[in-house]
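Enquirer: Sharing a model prediction with you, sequence too.
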Amino acid sequence: TLSDRLTSVLQNLRGKGKLSDADIDSTAREIRIALLEADVALPVVRAFIAQVKERAKGAEVSEALNPAQQVIKIVNEELIAILGGETRRLNLAKNPPSVIMLAGLQGAGKTTLAGKLALWLKKQGHAPLLVACDLQRPNAVTQLQVVGERAGVTTFAPEPGNGVGDPVDVARRGIEEAKRAQHDIVVVDTAGRLGVDEELMRQAADIRDAVRPDETLFVVDAMIGQDAVTTAEAFRDGVGFTGVVLTKLDGDARGGAALSVREVTGQPILFASNGEKLEDFDTFHPDRMASRILGMGDMLTLIEQAEKAFDQEKAEEAAAKLGAGELTLEDFLEQMLAVRKMGPIGNLLGMLPGAGQMKDQLAQVDDKQLDRVQAIIRGMTPAERENPKIINSSRRQRIAKGSGVAVREVNDLVDRFFQAKKTMQQMMGRFGMGPGGGRKN
Ligand code: GDP
Ligand code: MG
């Protein structure tokens, strides 16, 4: 796997300066293989790698990650951005019924999806109606009726015994029925062929013109891999679609189709289907898909942990300084920023040895205040940050003005800093962690 291959590239070096071209190239080569193995189409791989390289070249070397890890982190972030950049909810009509039309090759999972979608919509308080417009295969209508029954929703179908009906006519009458019976959403199932063909496209386009869908979902089997691109292009040009649903993700497909379809058509992936049961269905999660495509969930976890550990190391350094009475406002700010990156402010408490007593000071700081604190400290000169004792009242006024806050807030911050420092020193003293007795590593 990719992680195995990369492990040989990974050394626990902490780089300096910018990422080197050699680091970027060797990692990019491995990523490229991973993407191709995940069945991402070649032109998409090329464009994507070029974009990642561009971003990696400008990136400062992280102190927390080695170069390969850092490139992977960038790749992962870019993948998530592309897969989910425009993740959005279903587009529903202002005046019901909203119409959702399903399109895609035969076997893609449209009819199954109709049932899944119906159940999902029903759970959200909607009253969907399924409309059977696949009159191509003899049992297609029955199949839709069966999934409809399982989902507990009504299915509108042509009366049996009238020979092969006209799907466009059924679609039109389905909408009328929805209005009459007060269904607020109509899901239109359509026919698919094994390959893309003109007649199928024309029929789908005719249904589209008849029902004017609020959302046309292109349903694509994740297992078809490279073919996803040509199929998606054919449906984009032949019918047009506003969103994508990826099916059969329970199989062993690595999901490259997701990236290809997203890149080539620019339409968002709205849902993912991962099984034959109606419940095997969810909104699409870009982060899970990115990690699946890269095939390196473990590596990504490792990167996350490395970054956290690094933040913690910094926190411990600061705590040690604090014990020695050397804490500066710069450290204080760095701490707060590190904490913010890690989540709720309370996490800081866990990182400082025995710092429970600082809880009161820190509990009062919420995220908005943190912005102001940051602004205030940024408004100080290096000398003031290094040695807050020199911050007299005229300096306080200057700082307040420069950072756009009231003098009172500068006073509060300085007070809080000295209070925190004092509390910590007492605590360190009690635990024998002060100068001479402290941590040396
Ligand atoms: P349609 O021709 O596009 O309407 O596709 P169907 O809904 O009839 O699905 C074709 C086959 O794929 C059926 O056997 C489904 O049970 C199966 N199927 C659909 N979605 C999924 C899925 O997410 N996972 C798995 N494993 N099978 C699926
Ligand atoms: Mg079908």
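Expert: Here it is on my side, so go on. Ligands and ions are numbered 1, 2, ... in the order given.
Enquirer: Over to whatever residue of the stretch 251-400 of the chain ends up closest to ligand 1: give its phi and psi.
Expert: Taking Cβ to the nearest ligand atom, ligand 1 has its nearest neighbour within the stretch 251-400 of the chain at S273, 3.6 Å off. In short, each C-beta sits where N, CA and C put it, glycine included. Dihedral pair for S273: phi -120, psi 130, per degrees, to the nearest 10.
Enquirer: ok, now V239?
Expert: phi -120, psi -40.
Enquirer: Same check on Q136?
Expert: phi -80, psi -50.
Enquirer: For stretch 253-268, buried residues please.
Expert: 253-265, 267-268 (16 or more other Cβ atoms under 10 Å).
Enquirer: Next, the contact list for the residue in the chain positioned nearest to ligand 2, please.
Expert: Per Cβ to the ion, T111 is where the chain lies closest to ligand 2, at 3.2 Å. T111 sits next to D134, A140, Q143, L144, V147, D189 when contact means Cβ atoms under 8 Å, 6 or more residues apart in numbering.
Enquirer: correct me, but N76 touches G295?
Expert: No: the criterion here is Cβ atoms under 8 Å, and N76 misses it with G295 at 11.6 Å.
Enquirer: From ligand 1, how far off is Q69?
Expert: 33 Å (Cβ to the nearest ligand atom, to the nearest Å).
Enquirer: and the stretch 51-200 of the chain, which of its residues are near ligand 2?
Expert: K110, T111 (Cβ under 5 Å from the ion).
Enquirer: Residues in a beta bridge with M101, which ones?
Expert: Beta-bridge partners for M101, by DSSP bridges, are V188, T216.
Enquirer: Contact partners for it?
Expert: V188, T190, A204, I207, R208, V211, P213, E215, T216, L217.
Enquirer: Most neighbours of all these, which one?
Expert: Using other Cβ atoms under 10 Å as the neighbour test, the contacts of M101 are led by V188, with 30 neighbours.
Enquirer: Now for that one: which residues touch it?
Expert: Neighbours of V188 in contact, by Cβ under 8 Å, 6+ apart: V99, I100, M101, L102, V131, C133, A171, G174, I207, V211, P213.
Enquirer: returning to that earlier point: ok, N76 and G295, which is more surrounded?
Expert: Between N76 and G295, counting by other Cβ under 10 Å, N76 is the more crowded of the two (21 against 17).
Enquirer: On the pLDDT front, check the more buried one for me.
Expert: With respect to pLDDT, N76 scores 89.
Enquirer: So it versus L83, what's the distance?
Expert: 11 Å (Cβ to Cβ, to the nearest Å).
Enquirer: Find residues that contact each of these two.
Expert: With Cβ under 8 Å, 6+ apart as the test, N76 and L83 both reach A290.
Enquirer: Please enumerate residues in contact with stretch 266-274?
Expert: Counting by Cβ under 8 Å, 6+ apart, residues outside stretch 266-274 touching it are 83-88, 90, 109, 112-113, 116-117, 217-218, 236, 241-250, 258, 261-262, 280-285, 289.
Enquirer: Also stretch 203-211?
Expert: So stretch 203-211 is contacted by 99, 101, 103, 133, 167-168, 171-172, 174-175, 186, 188, 190-191, 216, 238-240 (Cβ under 8 Å, 6+ apart).
Enquirer: thinking again about what came up before, keep only those of the buried residues of stretch 253-268 that are in helices.
Expert: If you go by DSSP state H, these have G256, A257, A258, L259, S260, V261, R262, E263, V264, T265 in helices.
Enquirer: ok so, going back, between the contacts of M101, which is nearest R372?
Expert: Closest to R372 out of the contacts of M101 is E215 (43.4 Å), distances taken as Cβ to Cβ.
Enquirer: For the stretch 101-250 of the chain, just list every one of the strands.
Expert: 128-133, 154-156, 185-190, 215-221, 243-247 (DSSP state E, counting those that start in this stretch).
Enquirer: I'd like those laid out as a markdown table, including mean pLDDT.
Expert: A markdown table is the format used below for the strands of the stretch 101-250 of the chain (pLDDT from 0 to 100):
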| stretch | mean pLDDT |
| --- | --- |
| strand 128-133 | 97 |
| strand 154-156 | 97 |
| strand 185-190 | 97 |
| strand 215-221 | 97 |
| strand 243-247 | 96 |
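Enquirer: just to revisit the earlier point, for the residue of the stretch 251-400 of the chain closest to ligand 1, which residues make a bridge with it?
Expert: F281.
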